[in-house]
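> Model the structure of this input:
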Amino acid sequence: MNKGYLANGLFGLGDRLVNELVASAIRKTIDGVDLYVPQENFAINDKTAFANSEEIATADIDALKNSDFLVAVIDGVEIDSGVAAEIGAFSMLNRPIFALFTDSRQQGRDHLQKIAALQQDAVENQFVYRNLFVIGLIKQNGIVSSSIEELTEALSRHISP
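Residues are numbered from 1 along each chain as shown. Purely as a prediction, here's the structure:
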């Protein structure tokens, strides 16, 4: 059985809904996958209860260590700090990382006016930036997908049933 870990923010409605959507797609793609989704771990993420920082770190690190692959959602203004930490920790295991980055500013990368505007004025950036260290950790043993469909296709190619 394949074990996976889904990393994303989990406190806002948008993140929780994206997590449900991505988790559902992964579970449909990899038959019988044991997917750890932190928001589903109520022992540490029921915010009406209490879990201290060490309990949260232990639960998530144990799940990372026991995972065959990591799916990391890297959307947002910045990569979520918890997601970046999970990517860093998981990269040390030399197991595949599948990132999902759906930002629409990836479109038009070859548009000459956008490129010219950036060259003339760096604050006229029509593109998007991701921390290159974190992206490097992903690319060393994985890929960045721009859609859930592309993500699930990559998972089905790389993860054995």
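> how about the nearest residue to residue 158, chain neighbours excluded?
residue 96 (5.8 Å; CB to CB, 6 or more residues apart in numbering). Backbone N, C-alpha and C define where each C-beta goes, glycine included.
> what's the pLDDT at that neighbour?
Confidence at residue 96, expressed as pLDDT, is 97.
> what's around it, how many residues?
Using other CB atoms under 10 Å, residue 96 has 20 neighbouring residues.
> right, and it touches residue 139 too?
No. With contact defined as CB atoms under 8 Å, residue 96 does not count as touching residue 139 (11.2 Å).
> can you list contacts of the worst-scoring helix or strand of the chain on mean pLDDT?
Least confident helix or strand, the chain: helix 112-120 with a mean of 78, by mean pLDDT, DSSP states H and E. Defining contact as CB atoms under 8 Å, 6 or more residues apart in numbering, one finds that helix 112-120 is touched by 108, 124, 125, 126, 127.
> sorry, back to before: which residues are common contacts for residue 96 and residue 139?
Going by CB under 8 Å, 6+ apart, no residue sits against residue 96 while also sitting against residue 139.
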